[in-house]
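Enquirer: Just a sequence and a predicted model for now, questions to come.
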There are 2 protein chains.
Amino acid sequence: MVEQPQSALDGVFHALADPTRRAMVHQLASGERTVSELAEPYAMSLAAASKHVKVLEGAGLIHREIEGRVHRCSLEREPLVRALSWLRTYTDFWDARLDALDDLLNAENDDDRH
Amino acid sequence: MVEQPQSALDGVFHALADPTRRAMVHQLASGERTVSELAEPYAMSLAAASKHVKVLEGAGLIHREIEGRVHRCSLEREPLVRALSWLRTYTDFWDARLDALDDLLNAENDDDRH
DNA sequence: CGGTTGCTCAACCATATGGTTTATAATTGC
DNA sequence: GCAATTATAAACCATATGGTTGAGCAACCG
C-alpha cells in the first residue's frame, strides 16, 4: 500500500466520522483507558468496541500499551494536529478572503499585495 | 455532554475522509467552481464527481448556486470551523496536559486536579 | 428547430463498514 | 489446575459507499 501524505488524513477523518469513535477520543482526553473502559458507555458488544479502537489505532489517533491482558489506550496528538492543520488551511484562507474584503470595504489605501 | 450536534460532525468528517472531496475543497478555496470544473481533474465520470459534490453539499461544506444549467459551487466556512473547533478541543486539552506535566516537573506545590 | 452541453437520476456492481455471535488466546486469581 | 477476565479473531449479515453506464432533462447555441 502506497501511503501518500493525503491518505493519512483519510484515516484520521474517517476515524473521526463515527460518533462512537469521537466519544472514545473524548474519553481518552481525560486520560488512559482500557478497551473495556472505552467500550463500557456504549450499547454494543465488546467486540464491536474493540473494532472501533482498532480503527482509531489504525489512524494513529491512539497508542496501545499492552499490560498483561489489559490493553491500555492513550490519545496521540499528532494526527489530531495534522487534521487541524489541514482544516486551518482552509478556514484561514477564508479569513484571508474576508479580511481582504474587509480591507476593501474599509479601504484607506489600495495597497494590493499578495 | 460537550457535544450534542455530533451528527453534524459525522457528515463533515465523513465528507473530508475522501481524498477526492478534500481536493475539491482545495479547488473551491481559490474560488467558485462549476461541477464540471470540480470534476475535471479526476479520472472518474461526471456522475461520480457529482455524487462527491452532493456529499460535500450534504455536509454543508459547499453551497450550490444554480445558474441556468450550470451549478456553481462555493465553499462554506462554518462546517470547517465546527470541525476545527472539535479538534482544537482535544489538541488544546493535550497542550493543557503537557502544561500540567510541566508544572509537575517544575513542581513547587502538588496541586492535584484535572 | 435540432444538437450539444451541464448535470442529475436510476440501476447496477464490488467492496467497505458496523454490528452481531461464537470461538479462542492470554492473563490473573482462587 | 480451573475459572473468570480481557481482549481479539472469525464468520456472518445488512447497509453504505464509490464507482460504472445509460437515460433524461433543462438550457444554451447555431
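Expert: Noted; the coordinates are in hand.
Enquirer: give me the element A:Ser7 is part of.
Expert: A:Ser7 belongs to helix A:5-16 when assigned by DSSP states H and E.
Enquirer: same deal with A:Arg64?
Expert: Using DSSP H and E, A:Arg64 maps to strand A:62-67.
Enquirer: still on that earlier bit, and the helix holding A:Ser7, what does it pack onto?
Expert: Under the contact definition 3 or more C-beta pairs under 8 Å, 6 or more residues apart in numbering or on different chains; DSSP states H and E, helix A:5-16 sits against helix A:19-29, helix A:46-58, helix A:77-105, helix B:6-16, helix B:19-29. Where C-beta positions appear, they are placed from N, C-alpha and C, glycine not excepted.
Enquirer: closest to DNA strand D out of those?
Expert: The closest of those to DNA strand D is helix A:46-58. By C-beta to the nearest atom of the strand, the value is 2.9 Å.
Enquirer: Just confirm yes or no for that closest one near DNA strand D.
Expert: Yes. Residues of helix A:46-58 are located near DNA strand D by C-beta under 7 Å from any atom of the strand, namely A:Leu46, A:Ala47, A:Ser50, A:Val53, A:Lys54.
Enquirer: Excluding chain neighbours, what is closest to the residue positioned nearest the centre of chain A?
Expert: Centrality entry for chain A: nearest residue to the mean C-alpha point is A:Leu80, 3.9 Å, by C-alpha atoms, centre = their mean. Using C-beta to C-beta, 6 or more residues apart in numbering or on different chains and skipping residues adjacent in sequence, the residue nearest A:Leu80 is B:Thr91, 5.1 Å away.
Enquirer: What separation do you get for that neighbour and B:Thr34?
Expert: According to C-beta to C-beta, to the nearest Å, B:Thr91 stands 36 Å off from B:Thr34.
Enquirer: Model confidence at the residue nearest to A:Leu80, what's the number?
Expert: Here, the pLDDT recorded for B:Thr91 equals 91.
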